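Peer 1: need coordinates for the following:
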Amino acid sequence: MATKIDKEACRAAYNLVRDDTSAVIWVTFKYDGATIVPGEQGAEYQHFIQECTDDVRLFAFVRFTTGDAMSKRSKFALITWIGENVSGLQRAKTGTDKTLVKEVVQNFAKEFVISDRKELEEDFIKSELKKAGGANYDAQTE
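Peer 2: Residues are numbered from 1 along each chain as shown. As a prediction, this is how the structure comes out:
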């Protein structure tokens, strides 16, 4: 059966993360049978990491605050998590299903496909976003 996405519900969750006045900084999109739906959401990145277990595959939209003393700004990441124990067929479908998620999640600085929990570390993600982000004024803050 072909995978579908609940666009309206997923878009509402996506917009919640994009809203700078919202405390919600991450949302997951998970499978409910053959439909991708919003999953958990939260205000602490560490709580998102706890969702990434070895037996699940999910997509996440996460807001990070980056920048330096001169300029703080929100950067967004699209993370595809594929747990170590996910079957080969489900792994393959995740790649094609991501196109459905990208119909909703359209604005992000960088995309990640991760199966190793070490790559979920906040410092790693932020450093990758910083590389993708342009001007860096850190040298001027000494």
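
Peer 1: so what does Arg63 look like in phi/psi?
Peer 2: Per-residue torsions, Arg63: phi -100, psi 130 (degrees, to the nearest 10).

Peer 1: tell me the spatial nearest neighbour of it, not counting adjacent residues.
Peer 2: Of all residues not flanking Arg63 in the chain, Ile25 sits nearest, at 4.5 Å (Cβ to Cβ, 6 or more residues apart in numbering). Quick note: C-beta positions are derived from backbone N, CA and C, even for glycine.

Peer 1: again, but for Thr96
Peer 2: In space, and not counting its chain neighbours, Thr96 is closest to Thr3: 7.8 Å by Cβ to Cβ, 6+ apart.

Peer 1: go through the protein and flag its longest helix.
Peer 2: What stands out as the longest helix in the chain, according to DSSP state H, is helix 88-104.

Peer 1: how about the CA coordinates for the following helix or strand past that helix, as CSV?
Peer 2: Using DSSP states H and E, the helix or strand that directly follows helix 88-104 along the chain is strand 110-114. Extracted C-alpha coordinates of strand 110-114, given in CSV (Å, rounded to 0.1, in the frame of the first residue of the first chain):
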residue,chain,number,x,y,z
LYS,A,110,20.1,21.4,6.3
GLU,A,111,18.8,17.9,6.0
PHE,A,112,20.2,14.9,7.9
VAL,A,113,19.7,11.2,7.5
ILE,A,114,20.8,9.6,10.7
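
Peer 1: low-confidence ranges in this protein?
Peer 2: Scanning the chain with the threshold set as pLDDT under 70 gives 133-142.

Peer 1: list the contacts of Arg73.
Peer 2: Residues near Arg73 by Cβ atoms under 8 Å, 6 or more residues apart in numbering: 65-67.

Peer 1: before we move on, back to that, and the residue nearest to Arg63, how many neighbours does it have?
Peer 2: Applying other Cβ atoms under 10 Å, we find 21 other residues in the vicinity of Ile25.

Peer 1: and what of Ser127?
Peer 2: Neighbours of Ser127 using other Cβ under 10 Å come to 12.

Peer 1: that one: which element?
Peer 2: Take DSSP H and E as the rule and Ser127 turns out to sit in helix 122-131.

Peer 1: before I go, just wanted to say thanks for your time.
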